[in-house]
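Chemist: A structural model of the following input is requested.
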Amino acid sequence: MNLSGNTVLITGGSSGIGYALAEAFLAANSQVIVCARDADRLLDARARHPSLHTWVCDVSDEESRRNMFDWVADSFPGLNILVNNAGIQRDIDFTHGIDDFQSGENEIRTNLEAAIVLCGLFIPVLAKNRQAAIVNVSSGLGFVPSARMPVYSASKAGLHAYSMAIRKQLSSTGIQVFEIVPPAVDTELNPLGRAKRGRFKAGLSAATFVESVMKKLEGDVLEIGYGATEDFMRASRAELDRHFERMNP
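Modeler: Next comes the predicted model:
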């Protein structure tokens, strides 16, 4: 991937990994559009980077993401990179039945369905432009699931499978499909769950992680891990089972 001269749309781009990716693409002299649900955070992001284009969007909502697609397709017909980064993570305990799952935001809709729909919407736009790419941000938990976060883990496993499948489907179109597989990164993901675990804080910053990611994107590495997730991506089933037991004592 050539990091410069692109027009890039990043979902969930006002904080965390998405914001770090936005900064990195801007630094590489690409045009960047970010969407997020929080208008104030988008204003803050644009205040720090006036060249950033922003749009308020809840990617889990059909009308909201369709409105964003219409705006982007009309205003940025040269869009050549879509980054599906928006995601939510929740601790859900099914020993209490279904109530815990139904009482909060839907991880499947945000983490998996939104990425699938946005790919479907934007592929005709991407196919018209050179050096087109889709970048899906999954998770190490898509390879080794967490018992505390079963739905999040399942949604990211689904995104991994989808990324593999459309990479094959799109191989004749000129659209590359990348998958970024983060380990635990210091972001605001799952604040309630992290608070339960004593204000858990990952030791890896989003900026440091993205610095590594950008180098691998530039090298056309299609599945991008970091640290433990590089091991997960290459592990045998027996090794994955051992990782699972260690992660879920």
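Chemist: and residue 181, how far from residue 210?
Modeler: Distance, residue 181 to residue 210, by Cβ to Cβ, to the nearest Å: 13 Å. (Each C-beta comes from the backbone N, C-alpha and C, glycine too.)
Chemist: got the residue ranges for the helices in the protein?
Modeler: Applying DSSP state H to the chain gives helices spanning 16-27, 39-48, 62-75, 99-102, 107, 114-126, 150-169, 191-196, 206-218, 228-234, 237-247.
Chemist: so for the third one, mean pLDDT?
Modeler: Just to be clear, that refers to helix 62-75. On average, the pLDDT along helix 62-75 is 98.
Chemist: by contact count, what packs against it?
Modeler: Contacts defined by 3 or more Cβ pairs under 8 Å, 6 or more residues apart in numbering; DSSP states H and E place helix 62-75 against strand 53-56, helix 114-126.
Chemist: switch to 10 Å and redo it
Modeler: Counting contacts by 3 or more Cβ pairs under 10 Å, 6 or more residues apart in numbering; DSSP states H and E, helix 62-75 packs against strand 7-11, strand 31-36, strand 53-56, helix 114-126.
Chemist: what's in contact with it?
Modeler: With Cβ atoms under 10 Å, 6 or more residues apart in numbering as the test, helix 62-75 has contacts from 7, 9, 11, 33, 35, 37, 53, 55-59, 61, 79, 82, 86, 109, 113-114, 117-118, 120-122, 124-125.
Chemist: give the buried residues for it.
Modeler: Buried residues in helix 62-75, defined by neighbour count with 16 or more other Cβ atoms under 10 Å: 64, 65, 68, 69, 72.
Chemist: and the two most separated of these?
Modeler: Within those, two members stand farthest from each other by Cβ to Cβ: 64 and 72, at 12.7 Å.
Chemist: which of the contacts of helix 62-75 count as buried?
Modeler: Among the contacts of helix 62-75, those buried by neighbour count (16+ other Cβ under 10 Å) are 7, 9, 11, 33, 35, 37, 53, 55-59, 79, 82, 86, 109, 113-114, 117-118, 121-122, 125.
Chemist: any stretches of this protein with poor pLDDT?
Modeler: 190-191, 193-195, 197-201 (pLDDT under 70).
Chemist: got the contact list for the residue nearest to the spatial centre of the chain?
Modeler: With distances taken as Cα atoms, centre = their mean, residue 85 lies nearest the centre of the chain, 2.3 Å away. Counting by Cβ under 10 Å, 6+ apart, residue 85 touches 9-13, 16-22, 34-36, 59, 115, 135-137, 180, 182.
Chemist: residue 240: what's it in contact with?
Modeler: Contact partners of residue 240, counting by Cβ under 10 Å, 6+ apart, are 143, 144, 145, 231, 232.
Chemist: swap the cut-off to 8 Å and go again
Modeler: Shown in contact with residue 240 (Cβ atoms under 8 Å, 6 or more residues apart in numbering): 143, 144, 232.
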